[in-house]
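*Asks:* Below is the structure, and that's it, no one-letter string:
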């Protein structure tokens, strides 16, 4: 009897998981139930002049509706913070100090951060930059709406986890031979995250 | 009115004289034997074959604004060509381009403001100064007034480059002068975790300081270094072409 119940539960869970990713509305509904996420990530940059992908690691924290902390721990240390619509980036200098990054690339990264925030919220249909298309195998293809964005990012493919509301991998293509894999690992759903995580670098 | 005019005139004359006085540090020539050894040490500062480097690059712009990027460079010292890419830590490529031995630079990808030709040219000039031995070979070798052994090159009539090696510590410095005034300085430092099997030409840390109104400062930390065989490059090119097809 116990075994039968477990089997039924497993089938129900499988159906539920298929269900969560069978429409963009379903994705938004499930993502809407998520209050916060804490996950490790591995980033692999593929580029024609690199022999092997350049690997970076870090942690991502998200809190609904718009707070994000994107922290790289290796091979360099930088922290991107987004809270109440304001984005900041801090870098660890050679002297070991955390200093504000004011480089010219920051405006581009603000857009990227907004975009990641949108993915986590499951907001694909209202996305101002990309058109979303749900594909078999829990994949979402994002293609730029405008040429200006296409010059920066050719397309994005999101791979959804079988756990509702969770992203497994994102592949950001700048061109066929230049792309970035973002692989999310050990995601914790709805952990208690203090606001200071998104406002303070330490 | 007349005294004021004279004061202004004197100022400009003095400025002109001072500008004309910018001279290179004097060097005392070495014996032929020691000069030969020093020339070898200067040559060893620079990679002797194709290399691929990945650096983190901490930039300090005029006004103290800071930024951190990742830099990938593929160097071909034989034909003095360069392939380079700059990307954000998040992996977004803001610049990718190449430069041939004549210094002609081609931008393959550039996001504003990194799409400017001046940026591409400046980047390639910096890479060339840091990683390629100036041409032609040393015009002079000797000991500077500060007691440092150096090789002096004259790549252009108005340009002088002093290479100051220290084979014992692995430290080295390159000073570039334009009409006798310091224009750019490169300093190299070995790192504890630098590639052990490689020559001192693979410093763990590099610093570039440029002078002038738009002067900037780069601190480069070596992330990856790879010595590349010529056949490997050819094979990679063929592989890349196949992917493109």
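*Replies:* Everything's here; your move. Bear in mind that the values here come from a model prediction, so they are computed numbers and not experimental data.
*Asks:* Now residue A:118: which helix or strand?
*Replies:* helix A:106-120 (DSSP states H and E).
*Asks:* Bridged to the nearest residue to residue B:120 once chain neighbours are set aside, which residues?
*Replies:* Leaving aside its chain neighbours, residue B:120 sits nearest to residue B:105 (4.8 Å; criterion: CB to CB, 6 or more residues apart in numbering or on different chains). C-betas here are computed from N, CA, C, even on glycine. Residue B:105 has these beta-bridge partners by DSSP bridges: residue B:99.
*Asks:* Do I have it right that residue B:105 meets residue B:124?
*Replies:* Yes - the pair residue B:105 / residue B:124 is scored as a contact, 5.2 Å apart, by CB atoms under 8 Å.
*Asks:* okay, and the common contacts of those two?
*Replies:* Common neighbours of residue B:105 and residue B:124 are listed as B:97, B:99 (criterion: CB atoms under 8 Å, 6 or more residues apart in numbering or on different chains).
*Asks:* Pick out whichever of those two has more residues nearby.
*Replies:* residue B:124 (22 against 19; other CB atoms under 10 Å in any protein chain shown).
*Asks:* my guess is that one is in a strand, correct?
*Replies:* No - assigned with DSSP: H, G, I helix; E, B strand; the rest coil, residue B:124 falls outside any strand and is helix.
*Asks:* Residue B:103 is in contact with that one, correct?
*Replies:* Yes - contact criterion CB under 8 Å: residue B:124 and residue B:103 qualify, at 7.0 Å.
*Asks:* wait, what's in contact with whichever residue of chain A sits closest to chain B?
*Replies:* Nearest to chain B, among the residues of chain A, is residue A:103, at 2.3 Å (CB to the nearest CB). Residues in contact with residue A:103 (CB under 8 Å, 6+ apart) are B:59, B:61, B:65-69.
*Asks:* Could you do residue A:83 as well?
*Replies:* A:66-68, A:195, A:198-199.
*Asks:* For it, list each beta-bridge partner.
*Replies:* Bridge pairing for residue A:83 - DSSP bridges - gives residue A:86.
*Asks:* So it versus residue A:63, what's the distance?
*Replies:* Distance, residue A:83 to residue A:63, using CB to CB, to the nearest Å: 9 Å.
*Asks:* intersection of neighbour lists for the two?
*Replies:* Shared contacts of residue A:83 and residue A:63, counting by CB under 8 Å, 6+ apart, come down to A:195, A:198.
*Asks:* before we move on, which element is residue A:45 in?
*Replies:* With DSSP H and E as criterion, residue A:45 is part of strand A:36-46.
*Asks:* Other residues contacting the very next helix or strand once past that strand?
*Replies:* Beyond strand A:36-46 on the C-terminal side, the first helix or strand identified by DSSP H and E is strand A:54-63. Identification of contacts with strand A:54-63 by CB under 8 Å, 6+ apart yields A:34-45, A:47, A:67-76, A:117, A:120, A:184, A:193, A:195, A:197-198, B:54, B:70, B:72, B:89, B:91, B:223-224.
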